[in-house]
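Student: Give me coordinates for this.
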Amino acid sequence: MKKLCLGLLLLGLLWSCKGEEKGCTFTEFPAVFPEDLSLIKNYQYESFEGGSSENFELNGILRYPIKVRFLQKGCKDLVQELHFEIDDSQDPIPADLPPSACARLLAGIFLQLGQSHPQLSMLGNYAELFGRRAPNFEYNQPLLLQDGFTAQIDKLTSKSYTVISLTLRQTNEEE
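Tutor: As a prediction, the model looks like this:
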């Protein structure tokens with residue numbers, strides 16, 4: 001019995017070191033959004049191997065109800081995905097909304113979130129960067145924002161909602 005327990009312990013230690021063998025730069029994915037923020041309701045955080053997700057609804061950011069899903073994942077490269085499901089059934093967002101307008105819409109959301117809580121102040125920097133680079137965005141095309149950091153905007157429109165997705169990718173330069 002002792003040998004079995006020791007064997008299981010060793011197997012567990014080897015398994016826990018597996019992430020180090022891969023040389024992962026990103027191993028922990030803490031929550032980014034404070035759940036006690038007045039602009040956020042129905043907050044849920046989930047951590048999983050190799051990433052995390054945060055789901056919530058935004059109150060009072062735009063004139064539309066917005067559901068947000070924020071995913072973080074990666075090993076050597078960090079990928080963050082933000083999906084904004086905007087209920088525009090009462091006042092539709094134009095289906096032909098150009099990517100520059102989506103970038104400005106995201107900049108507005110980030111600006112309000114960045115001003116709402118000290119933990120989110122870095123979103124104010126994103127707002128400024130997205131506002132400046134808005135004319136350069138194209139749908140489904142990564143845009144280099146600065147060395148090792150790209151952003152891609154995608155949009156899906158239906159009769160009752162519009163989903164604007166933003167993928168941020170940070171590449172580890174030390175590979």
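Student: Next, work out how far apart residue 55 and residue 74 are.
Tutor: Here the criterion is Cβ to Cβ, to the nearest Å. By it, residue 55 lies 19 Å from residue 74. Glycine gets a C-beta too; all of them are placed from N, C-alpha and C.
Student: before we move on, what SS does the closest residue to residue 70 other than its chain neighbours have?
Tutor: Excluding its sequence neighbours, the residue lying closest to residue 70 (Cβ to Cβ, 6 or more residues apart in numbering) is residue 54, at 4.4 Å. Following DSSP: H, G, I helix; E, B strand; the rest coil, the label given to residue 54 is strand.
Student: gap between residue 54 and residue 106?
Tutor: Using Cβ to Cβ, residue 54 is found at 17 Å from residue 106.
Student: Can you give me the end-to-end span of stretch 29-45?
Tutor: End-to-end distance for stretch 29-45: 11 Å, by Cα to Cα, to the nearest Å.
Student: How about stretch 54-64?
Tutor: OK, stretch 54-64 end separation, Cα to Cα: 20 Å.
Student: Where does pLDDT dip in this protein?
Tutor: Residues of the chain meeting the criterion pLDDT under 70: 1-22, 172-175.
Student: show me where it has strands.
Tutor: For the chain, the strands defined by DSSP state E occupy 40-48, 51-58, 66-74, 78-86, 143-146, 149-157, 162-170.
Student: So what pairs up with the residue nearest to residue 70 in the strands?
Tutor: residue 45, residue 70 (DSSP bridges).
Student: so residue 34 touches residue 118, yeah?
Tutor: No - applying Cβ atoms under 8 Å as the test, residue 34 and residue 118 come out as separate, 9.2 Å apart.
Student: Neighbour count: those two, which is higher?
Tutor: Set residue 34 next to residue 118 and count neighbours by other Cβ atoms under 10 Å: residue 34 wins out with 14 against 8.
Student: Tell me how far the more buried one lies from residue 48.
Tutor: As for residue 34, its distance to residue 48 is 21 Å (criterion: Cβ to Cβ).
Student: Next, count neighbours for residue 40.
Tutor: Neighbour tally, residue 40, other Cβ under 10 Å: 20.
Student: so it bridges to which residues?
Tutor: residue 58.
Student: got a list of what it touches?
Tutor: 33, 34, 56, 57, 58, 59 (Cβ atoms under 8 Å, 6 or more residues apart in numbering).
Student: cool, and residue 45?
Tutor: 31, 35, 52, 53, 54.
Student: Go ahead and build a ChimeraX selection from the buried members of the residues you listed.
Tutor: Command for ChimeraX that selects the buried part of the contacts of residue 45, burial taken from 16 or more other Cβ atoms under 10 Å:
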select :31,52,53,54
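Student: Quick one: the strands of the chain as a markdown table, columns for distance to residue 102 too.
Tutor: Formatted as a markdown table, the strands of the chain follow (distance: least, Cβ to Cβ, whole Å):
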| stretch | distance to residue 102 |
| --- | --- |
| strand 40-48 | 22 |
| strand 51-58 | 16 |
| strand 66-74 | 13 |
| strand 78-86 | 9 |
| strand 143-146 | 12 |
| strand 149-157 | 5 |
| strand 162-170 | 5 |
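Student: Right, I'll call it a day here.
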